[in-house]
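Trainee: Below: sequence and its predicted model.
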Amino acid sequence: MIEITNLFEVPPALLSLSSALEIKTVFTNPTLLHLEGKRQDRLFISVLLHGNEDAGLFAVQKLLHKYQNHALPRSITIFFGNIDAAAHGVRRLPTQKDFNRVWPQDTLDTCPESELMRRVVDTMSGYDLFASIDIHNNTGTNPHYGCINSQDFRTLQLARHFSNIIIYFQNPRGVQTMAFSKFCPSVAIECGKPQTEIGAIHAFEFIDTVLHLDKLSNSPLSPTDANIYETVARVCIADNISFSFGDEATDLYLHHSLDKYNFSDLCAGTSFGRAKNNKINLLAFDDDGQEVGEDYFKNINGEIILTKSMTPAMLTLDTTIISQDCLGYLMRKLDIL
């Protein structure tokens, strides 16, 4: 079993951390930090679910500095997730499950990480929850945007306070936002690449805004307020295929600037790379986990071609992330306003 710590005061050392690599000087294991504020409807914030994504850590550090000597506008609980991975500067350790794929879902297998998240949810379900914010970075070239699993107006309004780019998704399962959307409006915010000040500042400003809200509007967004996308496929590479962005000797050679496609409206016929033979293709999984790669990609004389107009997101050049998670996602515009 993974131990979890509950704290009710800010550890002084947390305020002086200069790197997520130093996190174990403050926390020895996953930790819930509960702090009281003027409003009792509590904001839940999760950071470091992926150990190499530090925007959340520095956003809450900025927040705690701001309110160090006076009351928070609203009570908060901050969950510091994968402490061990953060200390090593990686998304997750080889022995671990992904901390953002194991939150309570009926179809997920039980493991130490999922049991940990069940205890977090059980603890937080005892509070009056105003909203939930899960803070992330990504490795590709992407704008800042919010991710949601519910299309209700309050959730959309919450996401819009962060960005006018909003992604609705149902795959992958087991993410934090899915677990907390049962209790309150929930959003995951993507703050660009890690180790960039602008991402932490944007996340801090968003949290501070939410702390001051009397309520979340239950009104629809206007058509000019947001660009809303729906993910239709999670793009992966088969485990038995070697791939690279710079070595044409591998089975699959992807374009070295593939992440520049992110949030661009690509037309059918756009090339993603070349394969050694005509049988190799990219895999794609729909919301039900069915492999539908041939619906979106075609291998034509070794060239991997997009078969229909799509908008990609989170395409990454990080080969470790691709192996541990995915290459990226395909999206379409969604009209739910």
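Mentor: Alright, I've got the coordinates. From a predicted model like this one, the values you see are computed outputs, not experimental measurements.

Trainee: so who does residue 72 touch?
Mentor: By C-beta atoms under 8 Å, 6 or more residues apart in numbering, the contact set of residue 72 is 35-38, 211. Using the backbone N, CA and C atoms, a C-beta is placed for each residue, glycine as well.

Trainee: and what of residue 112?
Mentor: Applying C-beta under 8 Å, 6+ apart to residue 112 gives the contacts 1-2, 97.

Trainee: Produce a ChimeraX select command limited to the buried residues of these.
Mentor: Buried residues among those (16 or more other C-beta atoms under 10 Å), as a ChimeraX selection:
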select :2,97
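
Trainee: Could you save the contacts of residue 72 as TSV and add columns showing secondary structure and pLDDT?
Mentor: TSV is the format used below for those (DSSP: H, G, I helix; E, B strand; the rest coil; pLDDT from 0 to 100):
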residue	secondary structure	pLDDT
35	strand	98
36	coil	98
37	strand	98
38	strand	98
211	helix	98
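
Trainee: Out of those residues, give me the two with the largest separation.
Mentor: By the measure C-beta to C-beta, 36 and 211 form the most distant pair in those, at 12.6 Å.

Trainee: thinking again about what came up before, sort out which one of the contacts of residue 72 lies nearest residue 238 for me.
Mentor: Nearest to residue 238 among the contacts of residue 72, with distances taken as C-beta to C-beta, is residue 211, at 45.0 Å.

Trainee: List the residues that contact the closest one.
Mentor: Residues counted as contacts of residue 211 (C-beta under 8 Å, 6+ apart) are 37, 43, 72-74, 76.

Trainee: one more time with 10 Å, if that's ok
Mentor: Neighbouring residues of residue 211 by C-beta atoms under 10 Å, 6 or more residues apart in numbering: 37-39, 43, 63, 67, 72-76, 130-131.

Trainee: and if you look at residue 243?
Mentor: Counting by C-beta under 10 Å, 6+ apart, residue 243 has contacts 237, 250-254, 273, 275, 280, 282, 319, 322-323, 327.

Trainee: Need the buried ones from the residues you listed selected in PyMOL.
Mentor: In PyMOL, a selection of the buried entries from those looks like this (16+ other C-beta under 10 Å):
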select buried, resi 237+250+251+252+253+254+273+275+280+282+322+327
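
Trainee: pLDDT below threshold where in the chain?
Mentor: Judged by pLDDT under 70, the chain has its weakly predicted residues at 107-108, 336-337.

Trainee: So which residues of it form helices?
Mentor: Along the chain, the segments classed as helices by DSSP state H run 55-66, 83-88, 112-124, 153-160, 176-180, 197-212, 293-296, 319-324.

Trainee: Out of those helices, which one sits most buried?
Mentor: Per-stretch averages of neighbours, counted by mean count of other C-beta atoms under 10 Å, single out helix 176-180 among the helices of the chain, with a mean of 24.

Trainee: per-domain residue ranges of this structure.
Mentor: Under the assignment automatic domain parsing, the domains of the chain span 5-225, 232-331.

Trainee: Quick check: closest non-adjacent residue to residue 320.
Mentor: Once flanking residues are discounted, residue 320 sits nearest to residue 91: 7.3 Å by C-beta to C-beta, 6 or more residues apart in numbering.
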